[in-house]
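Colleague: Whatever this is, show me its structure:
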Amino acid sequence: MIKEILVCLEGSPSSDAALRTAMSIAALLPARLVGLAVVDEPDIRAGAAVGIGGSAFKHERDEALVADAHARATEWLNAFERRCREAKIAAYALEIVGRPADAILEETDKHDLTVLGRDANFRFETASDDSKTREAILHKATRPVLVVPESVHDLGTRVVLAFDGSGAARRALASFAGSGLATGREVYVATVDDNGARAWDLAAEAVDLLKQQRVPATPHNIVSALSNTEALFTFAESSGAGLLVMGAFAHSRLQHLFHGSVTRGIVERTTIPLYLQH
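Modeller: Model (predicted):
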């Protein structure tokens, strides 16, 4: 059961969606929220090389950016604490100075679930886009990560669990079943394969595994001319799912879903939250 949730904050609509979703989960379970803001001082101070005459200007600029980053972090964490207090959700705020990916990954190991806005930019002082931090987290986090698109408000009442029989898919199934997130939700197990019978057998196996953990589910085999990614999302959308559970970096027919540019593609393609587990 999820007892503590790390939610990553950086003031954008994407982080606001992550916080709304994290608050809805925390209220349901219940669980405690930990709001994390990262001040990327190392990258701010690294900056670009300058000549001798520009060193004083760079120092002043760096000091101003670091001060601004701390001020923003304080603002976001104060707002986080206020919202949680008003919603009567147990919470505490945490500010860390360091490179965002390293800081967040260190904290993910200490919490049951990490909630991340899909388009969050933790390097807001030095870059206009921060997909690299997101990808580093998805590649290296050992505990489940929930990636939330900006338009999402909650997880809805239906869940699609993608199952391909891989170790990653089995770990995703087990962690999801034990998380408490299945409570009160319909769970559909979906297996994509060119062989319908094989897909059905795998989906049925997953349903049996869920049953052992007292999570009722129904199996669905998907045979489609679409790519695996598109077939899975089409099924999730048609079933009205508010959450998609997947094993990341699976070593099977679906392994390409989480390789290189396709990792970025599947995260950016989704309109519903992704629960990802190695």
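
Colleague: quick one: buried residues of stretch 97-109?
Modeller: Within stretch 97-109, the residues scored as buried using 16 or more other Cβ atoms under 10 Å are 99, 100, 101, 103, 104, 105, 107, 108. All C-beta spots, glycine's among them, are computed from the backbone N, C-alpha and C.

Colleague: Quick check: the third one is in a strand.
Modeller: So that's residue 101. No. Per DSSP: H, G, I helix; E, B strand; the rest coil, residue 101 lies outside any strand segment and is helix.

Colleague: Contact partners for it?
Modeller: By Cβ atoms under 8 Å, 6 or more residues apart in numbering, the contact set of residue 101 is 132, 133, 136, 137, 140.

Colleague: now with 6 Å?
Modeller: Applying Cβ atoms under 6 Å, 6 or more residues apart in numbering to residue 101 gives the contacts 133, 136.

Colleague: and residue 243, how far is that from residue 174?
Modeller: 16 Å (Cβ to Cβ, to the nearest Å).

Colleague: What are the contacting residues of stretch 31-43?
Modeller: If you take Cβ under 6 Å, 6+ apart as the criterion, stretch 31-43 is touched by 2-9, 22, 26, 66, 69-70, 73, 76-77, 80, 84, 89-91, 93-97, 99-100, 103, 107, 122-123, 126.

Colleague: Okay, and which of the residues you listed map to strands?
Modeller: 4, 5, 6, 7, 8, 9, 91, 93, 94, 95, 96, 97 (DSSP state E).

Colleague: give me the beta-bridge partners of the first one?
Modeller: The one in question is residue 4. Beta-bridge pairing of residue 4, defined through DSSP bridges, involves residue 32.

Colleague: Relative to residue 10, how far out is it?
Modeller: 20 Å.

Colleague: which of these two has more neighbours?
Modeller: Set residue 4 next to residue 10 and count neighbours by other Cβ atoms under 10 Å: residue 10 wins out with 25 against 15.

Colleague: Return the distance of the more buried one relative to residue 161.
Modeller: To residue 161, residue 10 is 30 Å away according to Cβ to Cβ.

Colleague: Could you export stretch 171-183 as PDB, CA atoms only?
Modeller: In PDB, the C-alpha atoms belonging to stretch 171-183 read as follows (Å, rounded to 0.1, in the frame of the first residue of the first chain):
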ATOM      1  CA  ARG A 171       6.700  -6.100 -11.500                       C
ATOM      2  CA  ALA A 172       4.400  -3.400 -12.700                       C
ATOM      3  CA  LEU A 173       1.400  -5.700 -12.000                       C
ATOM      4  CA  ALA A 174       2.600  -6.600  -8.600                       C
ATOM      5  CA  SER A 175       3.400  -3.000  -7.500                       C
ATOM      6  CA  PHE A 176       0.100  -1.700  -8.900                       C
ATOM      7  CA  ALA A 177      -1.800  -4.500  -7.200                       C
ATOM      8  CA  GLY A 178      -0.200  -3.700  -3.900                       C
ATOM      9  CA  SER A 179      -0.400   0.100  -4.200                       C
ATOM     10  CA  GLY A 180      -4.100   0.500  -3.400                       C
ATOM     11  CA  LEU A 181      -4.800   2.300  -6.600                       C
ATOM     12  CA  ALA A 182      -7.000  -0.600  -7.900                       C
ATOM     13  CA  THR A 183      -9.500  -0.100  -5.100                       C
END
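
Colleague: Before I go, just wanted to say thanks for your time.
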